[in-house]
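> Would you be able to build a 3D model of this:
(one chain, ligands or ions: 1)
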Amino acid sequence: MSAKKKPLVVVTRKLPDSIETRMRELFDARLNLDDTPMTPEQIAEAVCTADVLVPTVTDMIGEELLKHPDCKLRMIANFGNGVDNIDVTAAHARGITVTNTPKVLTEDTADMTMALILAVPRRMIEGAAILTEGKSWPGWSPTWMLGHRIGGKRLGIIGMGRIGQAVARRARAFGLQIHYHNRRPVAPKIAEELGATYWESLDQMLARMDIISVNCPHTPATYHLLSARRLKLIRKEAYIVNTARGGVIDEDMLIKLIEAGEIGGAGLDVYEHEPAVNPKLVRLARAGKATLLPHMGSATIEGRVEMGEKVIINIRTFLDNHKPPDRVLPSML
Ligand SMILES: O=CC(=O)O
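Residues are numbered from 1 along each chain as shown. From the prediction side, this is the model:
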């Protein structure tokens, strides 16, 4: 009796060892052990040969690829929470199931958001750089390296989903007043627990906050949600933290307004043209007006293993002809 052929699963980037081992046991897994990002041609080839593709948030899976006449893909099991790298509508139209890895990176991303909320006004990275770059410093001084107090300030969270709420919990413990804008208000019990004030009008909220944290997904509806017009509503002393996706903010206008002293600063983990980072942002960081991280909000060993486990569960459930737990439908975006 011949053994049943295992489904071909192509993984675009190196994943944690334990996940790759399990994938090898379960599937005909084509792994990317040296982690060289796949070229668009290699991804196009995978789409025409694999049953399941496991891309990460940096692999663009657009309509062109998915409507290729030789596309035999049945599933895209994204290794990542955000799915703005995938044309979910085009996939759905071709009967290709899309899944993501929600929940397991909520707390890690919220930690990193909180770290940026603290790092910008307290000039942490700037201070650390003085020592790590071996520069001289005057020792403790009453007027040196002063930043701004966090406690008592107004934090406006854009997107009060899982990550937004996790940020709110942390921020509340630091004495921040919690405000938020979301498509809908959160359940009264959650709002009460978080002491959170709902703003139906994003414009009105922006004009009143000291700190703004972007925690909404990047979808066609949230592309440049912080548009040039809206960015101009933000107070001069306020600063913006973004651990969601670069595309939610009009980055060129953000840079202009910080340069002009119209916005206080920014703490960014994500960029509009990632992995490229606008050199003007780097200049602002050198001038102490921005804190920049290389998209590492969910980068914990534990989180990445749990994301891999979710990918495996999604694939196995799908291959067993059941609905995978983390299915993403166009209507959800
Ligand atoms: O940014 C990371 C993710 O969306 O998983």
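
> and the protein, which of its residues are near the ligand?
57, 80-82, 105, 297-298 (Cβ under 6 Å from any ligand atom). In short, each C-beta sits where N, CA and C put it, glycine included.

> Can you classify the residue positioned nearest the centre of the chain by secondary structure?
Centroid-nearest residue in the chain, with Cα atoms, centre = their mean: A244, separated by 3.5 Å. Following DSSP: H, G, I helix; E, B strand; the rest coil, we place A244 in the coil state.

> Could I get the phi/psi values of it?
Per-residue torsions, A244: phi -90, psi -90 (degrees, to the nearest 10).

> tell me the contacts of it?
A244 is in contact with 82, 159, 163, 214-218, 270, counting by Cβ atoms under 8 Å, 6 or more residues apart in numbering.

> In helices only, show me those residues.
I163 (DSSP state H).

> quick one: which of the contacts of A244 is nearest the ligand?
If you rank those by distance to the ligand using Cβ to the nearest ligand atom, G82 comes first, at 3.3 Å.

> The closest one against C216, yeah?
No: using Cβ atoms under 8 Å as the test, G82 is too far from C216 to be in contact (10.3 Å).

> What segments of the protein are strands?
8-11, 28-30, 52-54, 75-77, 97-99, 154-158, 177-181, 197-198, 211-214, 239-242, 265-268, 290-292 (DSSP state E).

> Contact partners for N32?
Applying Cβ under 8 Å, 6+ apart, the residues contacting N32 are 11-14, 38.

> separation between T143 and M112?
31 Å (Cβ to Cβ, to the nearest Å).

> Settle it for me: which of the two has more neighbours?
M112 (24 against 6; other Cβ atoms under 10 Å).

> so what's the residue of the stretch 101-250 of the chain found nearest the ligand up against?
The minimum distance from the stretch 101-250 of the chain to the ligand, using Cβ to the nearest ligand atom, falls at L105 (5.6 Å). The contact partners of L105, by Cβ under 8 Å, 6+ apart, come to 81, 297-298, 303, 306-307.

> buried stuff in stretch 164-178?
Judged by neighbour count using 16 or more other Cβ atoms under 10 Å, the buried positions of stretch 164-178 are 164-168, 170-172, 176-178.

> Was I right to think N215 contacts G156?
No: counting by Cβ under 8 Å, N215 stays clear of G156, with 10.6 Å between them.

> rewinding a little: I'd like the strands of the chain as TSV, with mean pLDDT appended.
Output for those, formatted as TSV (pLDDT from 0 to 100):
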stretch	mean pLDDT
strand 8-11	98
strand 28-30	97
strand 52-54	98
strand 75-77	98
strand 97-99	98
strand 154-158	98
strand 177-181	98
strand 197-198	98
strand 211-214	98
strand 239-242	98
strand 265-268	98
strand 290-292	96
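
> now the ones you listed as TSV including distance to K135?
Shown next, in TSV, are these (distance: least, Cβ to Cβ, whole Å):
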stretch	distance to K135
strand 8-11	43
strand 28-30	48
strand 52-54	44
strand 75-77	47
strand 97-99	48
strand 154-158	32
strand 177-181	36
strand 197-198	42
strand 211-214	28
strand 239-242	24
strand 265-268	21
strand 290-292	18
